[in-house]
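*Asks:* how would this look folded up:
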Amino acid sequence: MRAFSQLLDALVYTRSRSTKLKLIGDYLRRTPDPDRGYALAALTGELSLPAVKGAAVRAIVEERIDPTLFHMSWDYVGDLAETAALLWPKPVDRGADLDDGTLGIGRVVERLSALGRSEAPGALAGMLDHLDASGRFALLKLATGELRIGISARLAKVALAQAFGLDVDAVEEVWHGIGPPYQALFDWAEGRGPQPTAEDVPVFRPFMLAHPLEDVRVSMDEYAAEWKWDGIRVQLVHAGGETRLYSRAGDDITRSFPDVAAAFDREGVLDGELLVRGEFQGGEAGSFNALQQRLGRKTVSARMLADYPAFVRLYDVLIDGREDVRMSPWSERRTRLESLVAQLDPERFDLSSLIEAESFEALEEIRGGTRDAAIEGVMLKRRDSQYVPGRRVGLWYKWKRDPLNVDCVLMYAARGSGKRSSYYSDYTFGCWSETGELLPVGKAYFGFTDEELMWLDRFVRNHTVQRFGPVREVEKKLVLEVAFDSVHLSKRHKSGLAMRFPRVSRIRRDKPAEEADTIETLRRMVT
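*Replies:* Reported below is the predicted structural model:
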């Protein structure tokens with residue numbers, strides 16, 4: 001556990017991507033099995049210990065520490081694991097130091113996995129007694145699965161690949177077919193075993209991604225254009241008699257969308273946009289707000305399935321039957337896809353249509369005139385492009401529509417997490433109603449620089465009028481210019497509106513709060 005805690009400490013205080021890759025790679029090379037495999041699972045978000053939840057951690061801490069002191073400290077620190085690690089009392093008699101292998105990551109995971117929810121908290125408390133503050137922090141992060149140290153799953157896989165001279169895309173191809181502690185993967189990496197295969201296993205393949213168009217102009221003779229739909233990118237995989245849905249990050253989201261998975265029973269791999277038929281769209285693709293009703297759910301009720309039926313608007317085909325067609329040009333894959341879609345359930349699958357534009361200028365005019373709730377922009381795909389993982393210059397471009405902007409008033413602020421846990425960095429803002437009431441319309445936690453964050457944090461601390469745990473209500477005097485992609489009707493919010501991708505684009509210190517925008521202004525932007 002000591003080596004893992006040192007790794008986490010180093011990663012928390014490192015911004016350099018190359019340094020993070022080296023830190024993780026060095027750890028994986030020098031750490032024995034199965035510890036390194038479980039550590040890798042934790043870094044990629046693949047480690048699950050159902051018997052240990054945040055509530056259980058709070059309960060064991062409150063048994064050892066005055067609850068008032070604990071909650072006041074937690075409010076200030078902003079992170080449960082860090083607070084518990086720092087406050088945990090040193091027992092009078094620690095006994096033998098269990099960190100000599102007994103508290104290795106593998107032993108910890110295997111022990112906590114074998115215990116039920118009534119037994120695991122006590123075992124966890126006993127482990128905390130034998131660690132220093134750094135070790136306790138690492139153990140709690142490992143156990144709860146809430147690392148939040150600025151490491152993406154992709155970065156950890158890249159670190160593994162670089163450390164052992166592997167192709168990261170080959171690692172991605174078999175990742176979901178192995179599982180922690182990835183013994184077959186490390187056997188391959190160190191030459192003790194063959195390269196794992198994904199045959200007859202519905203595993204994730206890396207997505208092909210697009211570069212922002214920015215100042216580039218292309219020839220419509222060489223590129224095809226289609227709409228960029230405002231859902232989530234998914235990969236449908238059917239192999240070995242099983243279907244899985246994967247998100248762009250490679251997360252298995254099949255349980256959230258069983259209706260889509262059940263409808264795809266043809267062997268192959270397809271790429272598309274997951275959407276739902278929205279309440280206000282008359283059966284057409286709904287807004288992202290409608291899709292959010294189903295995202296992240298481990299179980300979906302019959303009512304939810306009926307109210308928000310999901311479907312996939314297909315973009316591409318990676319594997320047709322057992323034939324890998326990723327190295328075929330886009331134009332050939334498109335022809336295959338058109339044939340495949342005709343054989344699928346039309347209630348669950350349709351084809352992303354191409355945009356007919358004779359020139360780039362004509363496409364620009366079409367894009368500028370579109371504000372459909374389900375359209376995020378335009379995709380440009382080179383007609384001879386192969387389906388290659390990651391972003392490759394010149395092959396695919398994304399051309400998002402221009403953001404909308406309104407001036408809002410800061411209402412509430414909450415502490416951030418991870419490196420921002422000491423700052424008020426999550427902001428709720430509102431617009432004026434017809435009766436002069438300020439109603440919340442959105443929440444944002446990015447778009448500003450580090451210097452602006454420091455200024456905003458000071459403003460919140462100096463203009464607080466009420467406190468609600470980690471949340472502060474502030475004087476209604478600061479105007480924020482907020483950029484967002486779209487706004488939709490919503491029954492879940494008091495204002496009746498919900499923003500898509502809001503972010504702080506400017507701090508309007510020059511503008512009086514009473515001159516901020518109104519709810520009616522936002523309503524006119526609803527698509």
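
*Asks:* The helix or strand bottoming out on mean pLDDT in the chain packs against which elements?
*Replies:* Ranked by mean pLDDT, DSSP states H and E, the weakest helix or strand in the chain is helix 288-291, scoring a mean of 76. Judged by 3 or more C-beta pairs under 8 Å, 6 or more residues apart in numbering; DSSP states H and E, helix 288-291 is in contact with strand 268-276, strand 486-489, strand 497-500. In short, each C-beta sits where N, CA and C put it, glycine included.

*Asks:* how about those in TSV, adding mean pLDDT, distance to Y182 and mean neighbour count?
*Replies:* Formatted as TSV, those follow (pLDDT from 0 to 100; distance: least, C-beta to C-beta, whole Å; neighbours: other C-beta atoms under 10 Å):
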stretch	mean pLDDT	distance to Y182	mean neighbour count
strand 268-276	95	22	23
strand 486-489	83	41	22
strand 497-500	87	37	22
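
*Asks:* that older thread, now the least confident helix or strand of the chain, how far from the chain's geometric center?
*Replies:* Put simply, helix 288-291 sits 16 Å off its chain's centre (C-alpha atoms, centre = their mean, to the nearest Å).

*Asks:* quick one, what contacts the one residue sitting closest to the centre of the chain?
*Replies:* Closest residue to the average C-alpha location of the chain: A249 at 7.1 Å, with C-alpha atoms, centre = their mean. Applying C-beta atoms under 8 Å, 6 or more residues apart in numbering, we find A249 in contact with S152, A153, R154.

*Asks:* for G321, same thing?
*Replies:* G321 sits next to R266, E267, G268 when contact means C-beta under 8 Å, 6+ apart.

*Asks:* Compute the distance between it and W330, please.
*Replies:* Here G321 is placed at a distance of 19 Å from W330 (C-beta to C-beta, to the nearest Å).

*Asks:* swap in M72?
*Replies:* Taking C-beta to C-beta, one finds M72 at 58 Å from W330.

*Asks:* and these two? which has more neighbours close in?
*Replies:* W330 (21 against 12; other C-beta atoms under 10 Å).

*Asks:* So for G241, which of the helices and strands packed on helix 288-291 sits nearest?
*Replies:* Across the helices and strands packed on helix 288-291, G241 has its closest neighbour in strand 268-276 (13.3 Å, C-beta to C-beta).

*Asks:* which neighbours does that closest one have in its sheet, and in what orientation?
*Replies:* strand 232-239 (antiparallel), strand 310-320 (antiparallel) (DSSP bridges).

*Asks:* So for R2, which of the ones you listed sits nearest?
*Replies:* Closest among the strands paired with strand 268-276, using C-beta to C-beta: strand 232-239, at 38.7 Å.

*Asks:* Now tell me what touches the next helix or strand along the chain from the closest one from outside.
*Replies:* Later in the chain than strand 232-239, the nearest helix or strand by DSSP states H and E is strand 242-247. Strand 242-247 is contacted by residues 176, 202, 204, 232-237, 252-254, 256-257, 260-262, 264-265, 274 when judged by C-beta under 8 Å, 6+ apart.

*Asks:* again, but for stretch 444-458
*Replies:* 413, 416, 420, 423-427, 429, 480, 482-483, 502-505, 507.

*Asks:* My guess is V171 contacts L185. True?
*Replies:* Yes. Contact between V171 and L185 holds when scored by C-beta atoms under 8 Å: they sit 7.1 Å apart.

*Asks:* Which residues are in contact with each of the two?
*Replies:* Joint contacts of V171 and L185 (C-beta under 8 Å, 6+ apart) are L160.

*Asks:* about what we covered before: take the helices and strands packed on helix 288-291 and lay them out in CSV including distance to Y445.
*Replies:* Formatted as CSV, the helices and strands packed on helix 288-291 follow (distance: least, C-beta to C-beta, whole Å):
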stretch, distance to Y445
strand 268-276, 25
strand 486-489, 18
strand 497-500, 13
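
*Asks:* Indicate which one of these is closest to R313.
*Replies:* strand 268-276 (4.7 Å).

*Asks:* Show me what counts as buried in stretch 182-197.
*Replies:* Under the neighbour-count criterion of 16 or more other C-beta atoms under 10 Å, stretch 182-197 has Y182, A184, L185, F186, W188, A189, P196 buried.

*Asks:* Would you mind checking which of the residues you listed is nearest to L47?
*Replies:* Scanning the buried residues of stretch 182-197 for proximity to L47, where the rule is C-beta to C-beta, the winner is Y182, at 11.2 Å.

*Asks:* quick one, what contacts that closest one?
*Replies:* If you count contacts by C-beta under 8 Å, 6+ apart, then Y182 has G37, L40, A41 around it.

*Asks:* Just those residues: which are in helices?
*Replies:* Using DSSP state H, G37, L40, A41 are the members of those that sit in helices.

*Asks:* Could you dump those residues into a markdown table and include pLDDT?
*Replies:* A markdown table is the format used below for those (pLDDT from 0 to 100):
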| residue | pLDDT |
| --- | --- |
| G37 | 94 |
| L40 | 94 |
| A41 | 91 |
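
*Asks:* Pull out the buried residues from those.
*Replies:* Buried among the ones in helices among the contacts of Y182 (16+ other C-beta under 10 Å): G37, L40, A41.

*Asks:* next one: stretch 424-441 to chain centre, how far?
*Replies:* Going by C-alpha atoms, centre = their mean, where stretch 424-441 is centred and where its chain is centred differ by 26 Å.

*Asks:* my bad, should have said stretch 70-88
*Replies:* Computed by C-alpha atoms, centre = their mean, the chain-centroid distance of stretch 70-88 equals 25 Å.

*Asks:* Could I have the CA atoms of it written out in PDB?
*Replies:* Provided in PDB are the C-alpha atoms of stretch 70-88 (Å, rounded to 0.1, in the frame of the first residue of the first chain):
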ATOM      1  CA  PHE A  70     -15.300  15.600  11.500                       C
ATOM      2  CA  HIS A  71     -18.000  17.400   9.500                       C
ATOM      3  CA  MET A  72     -16.600  20.800  10.100                       C
ATOM      4  CA  SER A  73     -13.200  19.500   8.900                       C
ATOM      5  CA  TRP A  74     -14.800  17.800   5.900                       C
ATOM      6  CA  ASP A  75     -16.600  21.000   5.000                       C
ATOM      7  CA  TYR A  76     -13.300  22.800   4.900                       C
ATOM      8  CA  VAL A  77     -11.200  20.100   3.200                       C
ATOM      9  CA  GLY A  78     -13.900  19.100   0.700                       C
ATOM     10  CA  ASP A  79     -12.800  15.500   0.300                       C
ATOM     11  CA  LEU A  80     -14.000  12.600   2.400                       C
ATOM     12  CA  ALA A  81     -11.000  10.400   2.000                       C
ATOM     13  CA  GLU A  82      -8.500  13.200   2.700                       C
ATOM     14  CA  THR A  83     -10.400  14.400   5.800                       C
ATOM     15  CA  ALA A  84     -10.700  10.900   7.200                       C
ATOM     16  CA  ALA A  85      -7.000  10.100   6.500                       C
ATOM     17  CA  LEU A  86      -5.800  13.200   8.300                       C
ATOM     18  CA  LEU A  87      -8.200  12.900  11.400                       C
ATOM     19  CA  TRP A  88      -8.000   9.200  11.900                       C
END
